[in-house]
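> got a predicted structure plus its sequence, pasted below:
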Amino acid sequence: MPRIVCVCLSHWPVTRLRRAGLAPERGPLAVAAEGPGGLRLTALDPEASALGLRPGEPLGRVRARIGVPLRVHPADPAADREALLRLCRWAGGYAPIVAPFGPAEAADGLYVDVAGASHLRGGEMRLVDDLAGRLARARIPARIALADIPGGAFALARYGATDRVVVPPGGAAEAVRGLPVEALRLDPGTVSGLRRLGLRRIGELDALARGPLARRFGEALLLRLDQAVGRRPEPLAPLTDAADYSAARGFLDPIDGQADLVATARALMAELAPRLERDGIGACGLRLVLHRVDGVVRALDIGLSRPERCPGRVAALVSLRLDRLGAALDAGFGFETVALAVTVTGAMPARQTDLGAAPAGDGIGFLADALAQRLGRPLLCLGARASHIPERAARPFPWAAATPDSVRPWPDHLPPRPLVLFPRGEAALDVLSIVPEGPPRRFRWRAQVHRVAHAEGPERIAAEWWREPGARSAEAAAGPAQGHASRQGAGSGQARDYYRVECEAGRRLWLYRDGPHAPGRPAAWFVHGLFA
């Protein structure tokens, strides 16, 4: 059975402004937005409400009526929503399923499903007290209620007798009977119609026949009524789906050292490993979530090239990730909660391990993961493609996607290839050759003149006629003005003659002439790569 904590935030836009330092701490404060007839109030702090102001009033009339200065700020719904989402992520330290209010609530707040998690805080009452205390210390006014269903929890949080309500399991229907009909999350027109009929309480409405109510007010009224008393389910729409494999650990004394964080990650993975092994899977992606004492949440995503469930290896990767972050981790006054969730899984069938021999590839896979954490980006590998054109002959892909079937073996008959291959050939100018068909003896590249001491070749690489059958005619029609653009690259339709040359300064380059030598046709040379 779900147990839903509803946190209803009072005058949230005003709270956001004051917490961000954009408004003074004292004095009546209001937020206004453009509406019918000009600016209208949308949110008020308690001091402004005490002056008799109400949301929806025209700002001009308000200023003329009250006799004290009123500070007014423009509404910023996007900033309000972003701040609410940050608060939701912070509330994820209590339970993994957190959902912000939607349009139906016509208010600001969030739901937290604490079923199965309240014992970590000493029970439901202590969890609610702890949540209320933290919000109060953060200067966030809130009303909190805990019930079996979101509709009942919202009604009690918004319209309950106290600002902190905990309803025992199964007691939501009776607890909401005395609340006003506004607690059902109905549109203002429906509420006005009910009040004209003398129906002011949920209990009075629930005692009437359902047929006449549906004909008079529509099916939406019965839906909200049933959701409030628990006759119909109301699933939450969390920010992110709760991970199937997750574990968390809280600390009375916050931790901030890297060794403590790594040890905690190891312990959490050791807790998850039996569950993963039972289902025959391993972790291909992990998320380590660190909750600071001041409410700031830091999430670290760790990708693995192979399914893994070894706590020691996961702890080693976490250590490398924290090494790379260094001071950027910013532990503040310490982390009070550390959570580990498996975000991506992969098949990991059972295998024999008692002979002490690890399967081939395990060490390489762990090395790839370690390098990825150290470098801060996924490790790529190159696979051969069915092409002789150098820039098309290899393709990079993530190491995690590499399989024996997906990686083609490199041909053994190919001559040496450069260590660095340029995406496109770079023009070599003022090329001087002893014979027109031979290698260059001198050329200018990157504003420097290079003299060739030794050359090997040529290696002729023909164009892929099956890929671009009209390339030859297109180049012929391009003319000399576009010769460089049309001839530079794999689609020129001309065969290339490649040479490995060593310059007098010691540089080893890979050059090619685009097309065979022909009388009356100027030769175009390009530098395509660098040898070690």
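On my side now, so go ahead. As the structure is a computational prediction, the values presented were derived from the model and not from experiment.
> in the stretch 301-450 of the chain, which spans are strands?
335-347, 380-384, 394-398, 420-433, 440-445, 448-461 (DSSP state E, counting those that start in this stretch).
> okay, angle between the second one and strand 394-398 too, please.
With axes from the mean of the first three to the mean of the last three Cα atoms, to 10 degrees as the criterion, the two stretches strand 380-384 and strand 394-398 enclose an angle of 140 degrees.
> what do you get for the fourth one?
Direction vectors for strand 420-433 and strand 394-398, defined by the same axes, to 10 degrees, enclose an angle of 160 degrees.
> then the last one?
Angular relation of strand 448-461 and strand 394-398 on a 0 to 180 degree scale: 100 degrees, by the same axes, to 10 degrees.
> Cys284 belongs to a helix, doesn't it?
No. Going by DSSP: H, G, I helix; E, B strand; the rest coil, the assignment for Cys284 is strand, not a helix.
> my guess is it meets Leu304, correct?
Yes. In this structure, Cys284 is within contact of Leu304 by Cβ atoms under 8 Å, at 5.3 Å. No exception for glycine: its C-beta is placed from N, CA and C like everyone else's.
> have a look at those two and say which one is more surrounded.
Counted by other Cβ atoms under 10 Å, Cys284 and Leu304 do not tie: Leu304 has more neighbours, with 24 against 19.
> pLDDT score for the more buried one?
You'll see Leu304 listed with a pLDDT of 83.
> looking at the strands of the stretch 301-450 of the chain, which is closest to Pro150?
strand 335-347 (23.4 Å; Cβ to Cβ).
> helices or strands next to that closest one in the packing?
Helices and strands touching strand 335-347, by 3 or more Cβ pairs under 8 Å, 6 or more residues apart in numbering; DSSP states H and E, are strand 246-255, helix 258-278, strand 281-292, strand 297-308.
> next, the angle from the shortest one to strand 335-347.
To tie it back to what came earlier, the one meant is strand 246-255. 150 degrees.
> could you export strand 246-255 as PDB, CA atoms only?
Provided in PDB are the C-alpha atoms of strand 246-255 (Å, rounded to 0.1, in the frame of the first residue of the first chain):
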ATOM      1  CA  SER A 246      18.900   0.800  -5.600                       C
ATOM      2  CA  ALA A 247      20.100   1.200  -2.100                       C
ATOM      3  CA  ALA A 248      20.800   4.100   0.200                       C
ATOM      4  CA  ARG A 249      22.500   4.800   3.500                       C
ATOM      5  CA  GLY A 250      22.000   7.700   5.900                       C
ATOM      6  CA  PHE A 251      24.500   9.100   8.400                       C
ATOM      7  CA  LEU A 252      23.800  10.800  11.800                       C
ATOM      8  CA  ASP A 253      27.300  12.300  11.500                       C
ATOM      9  CA  PRO A 254      27.700  13.600   7.900                       C
ATOM     10  CA  ILE A 255      30.700  12.200   5.900                       C
END
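> can you tell me the closest non-neighbouring residue to Leu85?
Spatially, and ignoring its direct neighbours in sequence, Leu85 is nearest to Pro100 (6.6 Å; Cβ to Cβ, 6 or more residues apart in numbering).
> ok, now Val112?
That would be Val5: by Cβ to Cβ, 6+ apart, it lies 4.4 Å from Val112.
> with Ala453 instead?
Nearest one to Ala453, counting by Cβ to Cβ, 6+ apart, is Glu504 at 4.8 Å.
> ok so, going back, which element is the residue nearest to Val112 on?
Using DSSP states H and E, Val5 falls within strand 4-9.
> now that strand: mean pLDDT?
On average, strand 4-9 scores 95.
> cool, and stretch 413-429?
Stretch 413-429 shows an average pLDDT of 89 in the prediction.
> list the buried residues in that stretch.
Of all the residues in stretch 413-429, those buried under the rule 16 or more other Cβ atoms under 10 Å are Pro418, Gly425, Ala427, Ala428.
> try stretch 375-391
For stretch 375-391, the neighbour count (16+ other Cβ under 10 Å) marks Pro378, Leu379, Cys381, His388, Ile389, Pro390 as buried.
> buried ones in stretch 514-522?
Asp514, Gly515.
> quick one: average pLDDT of it?
Computed over stretch 514-522, the average pLDDT equals 78.
> using CSV, list the CA coordinates for that stretch.
Taking Å, rounded to 0.1, in the frame of the first residue of the first chain, the C-alpha atoms of stretch 514-522 are listed here in CSV:
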residue,chain,number,x,y,z
ASP,A,514,44.4,13.1,-56.5
GLY,A,515,44.2,11.2,-59.8
PRO,A,516,47.0,9.8,-62.0
HIS,A,517,49.3,12.1,-63.9
ALA,A,518,47.8,13.3,-67.1
PRO,A,519,49.3,15.8,-69.6
GLY,A,520,47.7,19.2,-69.4
ARG,A,521,46.1,18.4,-66.0
PRO,A,522,47.6,20.1,-63.0
